[in-house]
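Participant: Sequence plus the predicted model coming up.
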Amino acid sequence: MTRRHFWISVLALLLCGFAGTGFSRTLEQVRALGAISMCANPEALPYSSNQPDSLPGVQVEIGQAIAAGLGLSLNIDWIVPRRRAKVVNCDMLFDRVNDSAVYEGRLLLSRPYHRSGIALALGPDAEPLADYTDLKKGQKIGVMISSMASVVLGKAGKSTSPYAFESDMLEDLLKGELYGIATSSTAISYYIASNPDKGLQIAYAFDSVPSLTWQVSVGLRNSDQLLLGEINAVLDTLLADGTVSRIYRKYGIDHRQP
């Protein structure tokens, strides 16, 4: 996984986030079709990929498991900025922040299946770190300009270096010019697993900050409570039998129970 592909994966959810208000399908309709659909980005590992020589991605594999649990086949609508969710009219969107107020009137949210957020990627020689408040003087952290992580670290009096481009931030970490960077826990975990020679580490140092950690769910576009209930039941099973954890582990990501 190159640095370019890492930052493509960071942006993947943005491309899937244009959920429109077009008509989607109810439980009765998906059963009649024998299939349920999901929207995904075609080039956004570890989330999703349509490349035949790569793994399909966490979102796709969870989507396949949900469809199987419903006794349906899965159709994948590949979306890019010019082909958005409201155009292809897919049923499911993955990794939606589990906050009903954010999607009121647009999405029904399943039970959460993973705890995600911002983490610290640390250099090979960094000391173990449980919380961002344990950072010492001079241990500089790369942050995106005006990001919430920059605000949190700044208020705590920690040393930060602002960046306009996340690729530059990662590059400086790899060069040893930063102690760590504040970034997506999912994307950096996959990068670390794909590049073990870099020696980077991950620290879930913002678990104490609600604005920097969140639970993710499946978003159903204008569906009904019956389909939502069925998907919740399938997710309960997939979480209980370890399926979700195994999928995340395949991509080098710690499945963090919501």
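Facilitator: Noted; the coordinates are in hand. Residues are numbered from 1 along each chain as shown.

Participant: Need the residues that contact the helix or strand that contains Leu93.
Facilitator: Taking DSSP states H and E as the definition, one finds Leu93 inside strand 92-97. Here strand 92-97 makes contact (Cβ atoms under 8 Å, 6 or more residues apart in numbering) with 13, 16-17, 19, 36-40, 47, 59, 62-63, 66, 85, 103, 107, 109, 114, 116, 214-221. Glycine gets a C-beta too; all of them are placed from N, C-alpha and C.

Participant: in stretch 229-240, what's buried?
Facilitator: Buried residues in stretch 229-240, counting neighbours by 16 or more other Cβ atoms under 10 Å, are found at Glu230, Ile231, Asn232, Val234, Leu235, Leu238, Leu239.

Participant: cool, stretch 32-49 as well?
Facilitator: Residues of stretch 32-49 classed as buried under the neighbour-count rule (16+ other Cβ under 10 Å) are 36-49.

Participant: and these, which of them are in strands?
Facilitator: If you go by DSSP state E, the buried residues of stretch 32-49 have Ile36, Ser37, Met38, Cys39, Ala40, Glu43, Ala44, Ser48, Ser49 in strands.

Participant: and the two most separated of those residues?
Facilitator: Ile36 and Glu43 (22.9 Å; Cβ to Cβ).

Participant: one step back: and of the ones in strands among the buried residues of stretch 32-49, the nearest to Met169?
Facilitator: Comparing those against Met169 with Cβ to Cβ picks out Ala44 as the nearest, at 19.2 Å.

Participant: returning to that earlier point: output the buried residues of stretch 32-49 as TSV; include the columns distance to Ser189 and pLDDT.
Facilitator: Rendered in TSV, the data for the buried residues of stretch 32-49 read as follows (distance: Cβ to Cβ, whole Å; pLDDT from 0 to 100):
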residue	distance to Ser189	pLDDT
Ile36	28	96
Ser37	28	95
Met38	22	95
Cys39	23	93
Ala40	19	94
Asn41	18	93
Pro42	21	93
Glu43	19	91
Ala44	15	93
Leu45	12	95
Pro46	8	96
Tyr47	12	97
Ser48	16	96
Ser49	16	96
